[in-house]
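# need a structure here:
(chains A and B)
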There are 2 protein chains.
Amino acid sequence: MVTMRDVADRAGVSIATVSFLLNDTKPVTAATRARVEQAMAELGYRRNAVARALASRRTHIIAMAYPALDHKFGFSATEFLTSAANAARERDYHLVLWPVGNDGTELTELLGQGLVDGVVLMEVQLDDPRVTVLQELATPFAMIGRTSALEGLSHVDIDFDQTVEDAVAHLHGLGHRRIVLVSGNLTDPLFSTYGPYVRSEAAYRRIAPEYGLETVVMECSGSTQAGQEAMARLIHNHPDTTAVMIVNEFAALGSVAGLSRLGRRIPDDISVLPLLMAPEMAALTNPELTIMRTPGPELGQLGTEALIRQLEGADPLPPQLVPAKLYPGATVAAPTGPQPKAAAGRRGARKSRS
Amino acid sequence: MVTMRDVADRAGVSIATVSFLLNDTKPVTAATRARVEQAMAELGYRRNAVARALASRRTHIIAMAYPALDHKFGFSATEFLTSAANAARERDYHLVLWPVGNDGTELTELLGQGLVDGVVLMEVQLDDPRVTVLQELATPFAMIGRTSALEGLSHVDIDFDQTVEDAVAHLHGLGHRRIVLVSGNLTDPLFSTYGPYVRSEAAYRRIAPEYGLETVVMECSGSTQAGQEAMARLIHNHPDTTAVMIVNEFAALGSVAGLSRLGRRIPDDISVLPLLMAPEMAALTNPELTIMRTPGPELGQLGTEALIRQLEGADPLPPQLVPAKLYPGATVAAPTGPQPKAAAGRRGARKSRS
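Got it, this is the predicted structure:
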């Protein structure tokens, strides 16, 4: 069977362009139209009633697009998935997971089949090719995450500013003055504009000085192994660190094992506070992690709701930012050693405990 | 829009029966036909060309059915998913994940849409309603796992007999004579006929006596918390245990933390050997776990291959059983205390080490 993709390849245009022409959803230049029609003729492509009907039918199925081959599918991702699936079910929709890459190629191929009414985008990059694909194919979508340009885009996301501020305030209130942020590896092209890394780091660089703290940011890939290695670097390069905040949940898990193996007691020698983690994952370490709890259950539900409102023509859901909240564990405590004097910050220490 | 489901509900028959009648895939009695046709007439259901075409078209999409709302989606599941998605991509298919329950209801609803060419079933129960659904709807499928009745069903699975035998032989060779199996909670209806629990226990009960070992099986739910609690019971009820084998990967993680908190040194006081775990997860504990490594990468690939061969009319993939293999870590060693004399087993001790 000849597909839209075959036609696009032969004509040297995008699948989206073929779709525009076939569905009459966007103007196409005469030259392009001629190329596409020639390709269709040469290949024997016949746009039939089925294809037309497919493009317009409602399936009551929505897809969550998650780049599972590039971004590890962890416990937080599972919380997003299950809460989204439950929210869909309550509204009489089915939610399925599309493990498609962030470059938009596979997303285009799947959307061309007319399988779903709309898409929930996960693991959003600041400049995300999938958004362009969805807009070009006129597919309703909602983001769990945010691109840089947001005009008119339906989205819900973690409130990174609030999350980092709450984390810093908590540690500062316990007496910590050397607080390092372990963020993602922004030199990895798959993550260079990944929202959680970029936004957490920006928030930390803005907030830490307000508390009179030096900013130290370490890069680290998203694996337990990388988290272990990062702790060796931390102890070597920043030996006076009393608390570490870690964005990636796998790296955070590895950091606990890494510090233990390096002979550091947690929390006596150093406090460990992941900025985004699910409680199920926090329970995997010994001692159990104190975490900023990823609002996966809330955001999975809200992202699905934002999409379904579009599908049903209801009032749009306004953008929602939800902070990760402190969730008690046993890896954060007041520092025990002698502490350096804090530089004069604009805010005083606050009392708090895990 | 009136759906097949609406028709089935009104006629008091299954969706499969409506599908048989509409697609002429299986004979339906005259009485049933009359009931269904009456329901269609009353509801205004019109079976149109689109529906017919949908039922027969090829989409080059395959679904992995995983009951993600009931079975936690852990590291091993992620390995199955990513290797299956990669295998599909190499063969120019897309793999999507359907987080549908094991009872077959949602699977029926999604299959009725004609969205996929076939299904890979995960988390198979000995008597699995999804198999009946797939057979009734004449949808090609392959199982990663095994039902009790297997005649003609395409499947790949873990070789539990070999896995348990290798694990017992390894521990026995190190000198262990008190080896407890921590299996699943078979009183939980969601897991009462779950293959990995049932088959691991059966293998252990068969193999342990061959090594002259008493059999002790403890039940445990699949969570870190349950694993911790199980270790308290173990130490109370079976204080002379020198090695524990654990089927569920979350329970296994919890058991390490649990034993540590109870003051037991691993492996000096007790060896811990999970029977199914991904290395990424084994790296989370301190000390790092010695594991039988879940063959997720192999089975995800093989299960997908088994399905695609059916879809392409190629020679069927013969059933494949792949054992979990010993993967080195630091939680298994020779027992240090005085050991009871082994009863005379049919096999001698074997030399081996982690």
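
# how about the helices in chain A?
Counting by DSSP state H, chain A has helices at residues A:4-11, A:15-23, A:30-43, A:49-56, A:75-90, A:105-111, A:129-136, A:160-174, A:195-210, A:224-237, A:249-261, A:279-282, A:296-311.

# what about the fifth one and chain B, any contact?
Okay, so that is helix A:75-90. Yes: against chain B, helix A:75-90 shows contacts by CB under 8 Å from any CB of the partner chain at A:T78, A:L81, A:T82, A:A85, A:N86. Just so you know, the C-beta spots here come from the backbone N, C-alpha and C atoms, and that holds for glycine as well.

# Which one among the residues you listed sits at the bottom for pLDDT?
Confidence by pLDDT is poorest for A:T78 among these, given 89.

# lowest confidence element among the helices and strands of chain A?
helix A:49-56 (a mean of 52; mean pLDDT, DSSP states H and E).

# Tell me the residues of the stretch 201-350 of chain A that contact chain B?
A:223-225, A:228, A:250, A:253-254, A:256-257, A:260-261, A:280, A:283-286, A:288.

# now with 6 Å?
Contact residues, the stretch 201-350 of chain A versus chain B (CB under 6 Å from any CB of the partner chain): A:T224, A:L253, A:A257, A:S260, A:A283, A:L284, A:N286.

# Give me the nearest residue to the first one, chain neighbours excluded.
With CB to CB, 6 or more residues apart in numbering or on different chains as the criterion, A:T224 has its nearest non-adjacent residue at 3.4 Å, and that residue is A:G254.

# isn't the one you found right next to A:A230, touching?
No: using CB atoms under 6 Å, A:G254 makes no contact with A:A230, being 7.8 Å away.

# out of these two, which sits in the busier spot?
More neighbours surround A:G254 than the other of A:G254 and A:A230, with 27 against 24 (other CB atoms under 10 Å in any protein chain shown).

# what sits against that one?
A:G254 sits next to A:T224, A:G227, A:Q228 when contact means CB atoms under 6 Å, 6 or more residues apart in numbering or on different chains.

# Select from those residues the one having the most neighbours.
Most surrounded of these: other CB under 10 Å gives A:G227, at 29 neighbours.

# any idea how far B:L69 is from that residue?
A:G227 sits 29 Å away from B:L69, going by CB to CB, to the nearest Å.

# cool, A:F20 as well?
For A:F20, the distance to B:L69 - CB to CB - is 38 Å.

# and if you look at A:V116?
From A:V116 to B:L69 the distance is 19 Å (CB to CB).

# who's more crowded, those two?
Comparing A:V116 with B:L69 by other CB under 10 Å, the one with more neighbours is A:V116, at 26 against 19.

# isn't that one right next to A:A63, touching?
Yes: counting by CB under 6 Å, A:A63 is a contact partner of A:V116 at 4.6 Å.

# Model confidence for A:A282, exactly?
So, for A:A282, pLDDT stands at 89.

# Next, count neighbours for the residue lying closest to it once chain neighbours are set aside.
Computed as CB to CB, 6+ apart, the closest residue to A:A282 that is not its neighbour in sequence is A:L289, at 3.9 Å. Neighbour count for A:L289, taken as other CB under 10 Å: 29.

# A:L289 against A:E280, yeah?
No: in this structure A:L289 lies outside contact range of A:E280 using CB under 6 Å: 11.0 Å.

# where does the stretch 251-354 of chain A dip in pLDDT?
A:338-354 (pLDDT under 70).

# unless I'm mixing things up, A:F250 is touching A:Q225, no?
No: counting by CB under 6 Å, A:F250 stays clear of A:Q225, with 8.8 Å between them.

# Looking at those two, which one has more neighbours?
Comparing A:F250 with A:Q225 by neighbour count (other CB under 10 Å), the higher total belongs to A:F250, at 26 against 16.

# Run a quick neighbour tally on A:E219.
Counted with other CB under 10 Å, A:E219 comes out at 17.

# Test my guess that it contacts A:N185.
Yes: applying CB under 6 Å, one finds A:E219 in contact with A:N185, separated by 4.9 Å.

# Need phi/psi at the residue nearest to the spatial centre of chain A.
In chain A, the C-alpha nearest the mean C-alpha coordinate belongs to A:E123, at 3.2 Å (CA atoms, centre = their mean). The phi and psi torsions at A:E123 (degrees, to the nearest 10) take the values phi 60, psi 60.

# okay, it: pLDDT?
94.

# The closest residue to it other than its chain neighbours and A:E42: what is the separation?
Using CB to CB, 6+ apart and skipping the chain neighbours, the partner closest in space to A:E123 is A:H71 (5.0 Å). Distance of A:H71 to A:E42, computed by CB to CB: 40 Å.

# These two: who's more crowded?
Ranked by neighbour count (other CB under 10 Å), A:H71 and A:E42 place A:H71 first, with 18 against 12.

# pretty sure that one is in contact with A:M122, am I right?
No: the pair A:H71 / A:M122 is not scored as a contact, 8.3 Å apart, by CB under 6 Å.

# and the closest residue to A:V131 other than its chain neighbours, what does it touch?
Nearest non-adjacent residue to A:V131, counting by CB to CB, 6+ apart: A:T147, 5.8 Å away. Taking CB under 6 Å, 6+ apart, we find A:T147 in contact with A:L126, A:D128, A:V131.

# and what of A:V182?
Contact analysis of A:V182 by CB under 6 Å, 6+ apart lists A:M218, A:C220, A:A230, A:I246.

# I'd like those residues laid out as JSON lines, including pLDDT.
Shown next, in JSON lines, are the contacts of A:V182 (pLDDT from 0 to 100):
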{"residue": "A:M218", "pLDDT": "97"}
{"residue": "A:C220", "pLDDT": "96"}
{"residue": "A:A230", "pLDDT": "97"}
{"residue": "A:I246", "pLDDT": "98"}
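
# ok, and the most crowded of those residues?
A:I246 (30 neighbours).

# what's the distance between that one and A:R261?
Distance, A:I246 to A:R261, using CB to CB: 17 Å.

# on that earlier part again, for the residues of the stretch 201-350 of chain A next to chain B, work out which two are farthest apart.
A:S260 and A:A283 (16.3 Å; CB to CB).

# Would you state the strands of the stretch 251-354 of chain A in chain order?
Assigned by DSSP state E, counting those that start in this stretch, the strands in the stretch 251-354 of chain A fall at A:271-274, A:291-293, A:320-322, A:325-327.

# Deepest in the core, which of the ones you listed is it.
strand A:271-274 (a mean of 28; mean count of other CB atoms under 10 Å in any protein chain shown).

# That one pairs with which strands, and in what direction?
The pairing partners recorded for strand A:271-274 under DSSP bridges are strand A:243-246 (parallel).

# And the contacts of the partner strand?
For strand A:243-246, contacts defined as CB under 6 Å, 6+ apart pick out A:167, A:171, A:176, A:179-182, A:252, A:255, A:271-275.

# Quick check: the farthest pair among those residues?
It's A:H176 and A:A252 that sit farthest apart of the contacts of strand A:243-246, by CB to CB, at 16.9 Å.

# Have a look at the two and say which one is more surrounded.
Neighbours per residue (other CB under 10 Å) separate A:H176 from A:A252, with A:A252 holding more: 30 against 26.

# show me what contacts that one?
A:A252 touches A:I246, A:P274, counting by CB under 6 Å, 6+ apart.

# pLDDT score for the residue nearest to A:V131?
95.

# pretty sure A:R130 contacts A:E106?
No: contact criterion CB under 6 Å: A:R130 and A:E106 do not qualify, at 9.7 Å.

# and these two? which has more neighbours close in?
A:R130 (28 against 21).

# Report the spatially closest residue to that one, excluding sequence-adjacent ones.
A:G104 (4.8 Å).

# Does that neighbour touch A:V133 like I think?
Yes: using CB under 6 Å, A:G104 makes contact with A:V133 at a distance of 4.2 Å.

# How about the backbone phi and psi for A:V100?
Torsion angles, degrees, to the nearest 10, at A:V100: phi -100, psi 150.
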